[in-house]
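Structural data only, the sequence is not supplied:
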């Protein structure tokens with residue numbers, strides 16, 4: 001943490017990308033297109049150990065080990081534009097990234113919710 005305090009935003013971004021890529025969660029090239037908020041979420045979600053979070057799933061394919069994932073409340077509270085988030089997560093989810101599939105789904109739901117709210121406002125009877 002002390003090392004990060006004296007760094008510029010660009011230097012912090014570079015360190016975050018290197019760290020996430022070194023842990024094998026995504027390639028540095030894939031991470032370059034992510035927003036700073038996405039990188040922050042990945043760093044937070046990936047920094048938990050199984051004993052620190054109750055938001056872990058058993059992963060049968062990895063011999064019963066724990067697969068960490070972004071907590072749902074972080075996905076729900078994200079301030080990212082749903083359309084942009086959906087567009088960024090979609091190609092990664094098609095490659096099999098489970099966490100990207102969850103982000104894609106959550107952003108799709110947020111987009112549909114905002115469309116329904118907009119349609120309800122347009123179709124609502126006038127109060128004149």
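The structure has been received and is ready for your questions. Everything numeric in this text was worked out from a predicted model, so none of it was measured.

rest of the way, CA atoms for contacts and neighbours
Fine.

Please pull out the lowest mean pLDDT helix or strand from this protein.
Lowest mean confidence among the helices and strands of the chain (mean pLDDT, DSSP states H and E): strand 56-59, at a mean of 40.

which stretches of the chain form helices?
For the chain, applying DSSP state H gives helices covering 2-5, 9-22, 28-32, 36-47, 72-77, 82-94, 98-123.

Rebuild these as CSV, extending it with mean neighbour count and mean pLDDT.
Formatted as CSV, the helices of the chain follow (neighbours: other Cα atoms under 10 Å; pLDDT from 0 to 100):
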stretch, mean neighbour count, mean pLDDT
helix 2-5, 8, 68
helix 9-22, 15, 84
helix 28-32, 14, 84
helix 36-47, 16, 71
helix 72-77, 12, 80
helix 82-94, 17, 89
helix 98-123, 15, 88
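
Now do the same contact list for residue 122.
Residues near residue 122 by Cα atoms under 8 Å, 6 or more residues apart in numbering: none.

I should have written residue 83 there, sorry.
Going by Cα under 8 Å, 6+ apart, residue 83 touches 107, 108, 111.

Now render these as TSV, adding distance to residue 98.
TSV is the format used below for the contacts of residue 83 (distance: Cα to Cα, whole Å):
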residue	distance to residue 98
107	14
108	15
111	20
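
between those residues, which is nearest residue 75?
Checking the contacts of residue 83 against residue 75 with Cα to Cα, the nearest one is residue 107 at 8.5 Å.
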